[in-house]
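Q: Give the three-dimensional model of this entry:
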Amino acid sequence: MTPDQVEALFTRADGSYVFARWGRPIVPIVFGVDDATLSVLKGAIEAVVTLANHKMAETDPELGANLMVFFVQDWAELVETSNIDQLIPDLAAVVERLQAAKATQYRAFRFDEAGAIQACFSFVRMDNAMAVLPAETIALSLAVQAILLWSDVAFAEQSPLAVLPGEGATILRPEIAGIIRAAFDPVMPLADRDPSHALRLFARLGGTG
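A: The predicted model follows:
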């Protein structure tokens with residue numbers, strides 16, 4: 001990867017550079033799936049947390065669970081679900097935007113006083129295209145996109161995942177794995193809004209992609 005490519009992963013559509021990583025252990029909870037899929041999802045989250053050299057825990061002292069994943073058939077279900085409006089400000093307006101865009105995923109983050117990720121609320125609408133994807137693919141994608149505050153357009157043109165030629169197995173792209181490891185280096189900040197942060201990330205990639 002080049003420094004510019006690293007910077008683009010955290011440069012939002014409005015041109016601002018915004019980076020944040022988790023500052024506390026991750027405690028996941030998943031709604032709307034069967035036990036088999038739940039196991040796959042939690043396994044993917046654990047794998048990405050391990051890659052980052054971060055930690056998981058049984059409970060979060062403030063929220064109980066701080067990585068909440070919701071699977072729905074239709075975005076309208078969110079409006080009808082108790083207490084979701086406490087997690088997502090202006091829920092009705094958000095649902096309208098998601099419906100208009102025919103979106104299949106939505107994430108909302110909360111941050112602590114240091115700017116680190118405090119919580120992530122991830123929503124997935126299982127349309128026909130999503131329904132045919134392997135659970136492992138969906139799970140890995142969700143875990144990767146929740147581990148850091150990526151740009152809102154970071155993966156608009158290229159997925160963070162790749163398919164191994166000849167094997168068909170879905171893996172995390174090596175350069176994205178490298179970014180995650182570098183971002184959680186103890187000497188790196190929990191949050192940063194200066195584009196020079198991307199150069200520090202690049203330096204920890206060894207200058208290779």
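Q: Please make it C-alpha for all contacts and neighbour counts, starting now.
A: OK.
Q: Residue ranges in the protein under the pLDDT threshold?
A: 206-209 (pLDDT under 70).
Q: Could you look up the SS state of the residue of the chain most remote from its centre?
A: Distance from the C-alpha centroid of the chain peaks at Gly166, with 27.8 Å (CA atoms, centre = their mean). Secondary structure assignment for Gly166 (DSSP: H, G, I helix; E, B strand; the rest coil): coil.
Q: Likewise for Ala119?
A: Applying three-state DSSP: Ala119 is strand.
Q: My guess is it contacts Ile88. True?
A: No. The criterion here is CA atoms under 8 Å, and Ala119 misses it with Ile88 at 11.8 Å.
Q: Identify the residue nearest Pro195 in space, chain neighbours excluded?
A: Counting by CA to CA, 6 or more residues apart in numbering, Pro195 lies nearest to Tyr17, which is 5.8 Å off, once chain neighbours are set aside.
Q: what's the distance between that neighbour and Asp152?
A: Distance from Tyr17 to Asp152, counting by CA to CA, to the nearest Å: 11 Å.
Q: Neighbour count for those two, which is higher?
A: Tyr17 (21 against 14; other CA atoms under 10 Å).
Q: Would you map the helices across the chain?
A: Secondary structure of the chain (DSSP state H): helices at 3-8, 35-51, 76-80, 84-87, 91-101, 128-131, 135-147, 174-183, 196-204.
Q: Show me what the third one is packed up against.
A: Yep, that's helix 76-80 we're talking about. Here helix 76-80 touches helix 91-101, going by 3 or more CA pairs under 8 Å, 6 or more residues apart in numbering; DSSP states H and E.
Q: residues making contact with the helix it packs on?
A: For helix 91-101, the external contacting residues (CA atoms under 8 Å, 6 or more residues apart in numbering) are Trp75, Ala76, Leu78, Val79, Ile84, Asp85, Thr104, Tyr106.
Q: Show me how to select, in PyMOL, the buried members of those residues.
A: The following PyMOL line selects those of these that are buried, judged by 16 or more other CA atoms under 10 Å:
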select buried, resi 75+78+104
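Q: of the contacts of helix 91-101, closest to Glu62?
A: Closest to Glu62 out of the contacts of helix 91-101 is Ile84 (17.0 Å), distances taken as CA to CA.
Q: OK, contacts around that closest one?
A: Leu78, Leu91.
Q: related to what we said a few turns ago, so what's the residue nearest to Pro195 up against?
A: Contacts of Tyr17 (CA under 8 Å, 6+ apart): Glu7, Phe10, Thr11, Asp192, Arg193, Asp194, Pro195.
Q: Thank you, goodbye.
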